[in-house]
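# Sequence isn't available, so here's the structure alone:
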């Protein structure tokens, strides 16, 4: 069964450093998402991406965040200058479509980011 | 108004019992209500979802009840099993998905 994969599973970084989290969405999916989950808290939407551009983003997704689909398979989340409060589990998700129809979002296993 | 409230925070049920988790929302523009199941160390996985034009949806042991006028929806797990022990999140979105607003989650423990 196809699945969303994410690397690395755990990333430790120093405050102020840049990190790139990587995701490989399911191959025939066209919509891609990033969510984060601070330990013990709810899942929060960050951004959705379609046709090589951001389609929607939340207040959390400020100028220090960026997303990119550098090739036909990878989808990345970059945090330019990490802060302590960026420590969280980051989930990538993908869906065939959005809106009515096949909009089920499939989530990857997550990358745990720890900022020291 | 973008919040989705969820209760209880945690739930302990005996094997074979019924687990009930409740969610409430304010934004009447929400039109898609999925429930996600998350096991430790894993990403959320879609369990069942409902749209506001139906009041109930059943898939196996899982049922969503939806009350549009009260802006509430709930997940019922019949014949709960220890393998159902997980964290359950309700969610809501506008335009049938993209930006999901998640509830805070309910940690369910089913005792053998």
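Received, thanks. Values in this document were obtained by computation on a predicted structure and should not be read as measured data.
# low-scoring pLDDT stretches of chain B, where are they?
Residues of chain B that meet the criterion pLDDT under 70 lie in B:1, B:96-97.
# Name the residues of it found near chain A, please.
Residues of chain B found near chain A (Cβ under 8 Å from any Cβ of the partner chain) are B:32, B:34, B:36, B:41-46, B:49, B:89, B:91, B:95-105. All C-beta spots, glycine's among them, are computed from the backbone N, C-alpha and C.
# and those, which are buried?
For the residues of chain B next to chain A, a burial check counting by 16 or more other Cβ atoms under 10 Å in any protein chain shown picks out B:32, B:34, B:36, B:43-44, B:49, B:89, B:91, B:97-105.
# now, which of those lie within helices?
Judged by DSSP state H, these include no members of helices.
# from those residues, which ones fall inside strands?
Counting by DSSP state E, those place B:34, B:36, B:49, B:89, B:91, B:101-102 in strands.
# May I have the beta-bridge partners of the spatially most central residue of chain A?
Ranked by distance to the mean C-alpha position of chain A (Cα atoms, centre = their mean), the top residue is residue A:34 at 2.9 Å. On the basis of DSSP bridges, residue A:34 is bridged to residue A:47, residue A:92.
# pretty sure it is in contact with residue A:54, am I right?
No - using Cβ atoms under 8 Å, residue A:34 is not in contact with residue A:54, being 10.4 Å away.
# list residues touching both of these two?
A:47, A:67 (Cβ atoms under 8 Å, 6 or more residues apart in numbering or on different chains).
# Quick check, residue B:46 in contact with residue A:104.
Yes - using Cβ under 8 Å, residue B:46 is in contact with residue A:104, at 5.3 Å.
# what comes into contact with stretch B:29-44?
A:4, A:43, A:91, A:93, A:103-104, A:107-110, B:23, B:45-52, B:62, B:64, B:66, B:73, B:75, B:86-97, B:100-102, B:105.
# for chain B, what are the nearby residues on chain A?
A:4, A:31, A:33, A:35, A:41-45, A:48, A:55-56, A:58, A:91, A:93, A:95, A:98-101, A:103-110.
# Keep only those of these that are in strands.
Of the residues of chain A next to chain B, the ones assigned to strands by DSSP E are A:31, A:33, A:35, A:43-45, A:48, A:55-56, A:91, A:93, A:95, A:106-107.
# Return the members of these classed as buried.
The buried subset of these (16+ other Cβ under 10 Å) comprises A:31, A:33, A:35, A:43-45, A:48, A:56, A:91, A:93, A:95, A:106-107.
# Out of the residues you listed, which comes closest to residue B:13?
Nearest to residue B:13 among these is residue A:43, at 23.2 Å by Cβ to Cβ.
# My guess is that closest one contacts residue A:90. True?
No - contact criterion Cβ under 8 Å: residue A:43 and residue A:90 do not qualify, at 10.4 Å.
# Find residues that contact each of those two.
Each of A:35-37 lies in contact with both residue A:43 and residue A:90 under the rule Cβ under 8 Å, 6+ apart.
# For chain B, which segments count as helices?
With DSSP H as the definition, chain B shows no helices.
# for the closest residue in space to residue A:36 that isn't next to it in sequence, which residues make a bridge with it?
Among residues not flanking residue A:36 along the chain, residue A:88 sits closest, at 4.4 Å (Cβ to Cβ, 6 or more residues apart in numbering or on different chains). Using DSSP bridges, the bridge partners assigned to residue A:88 are residue A:113.
# No more questions from me, cheers.
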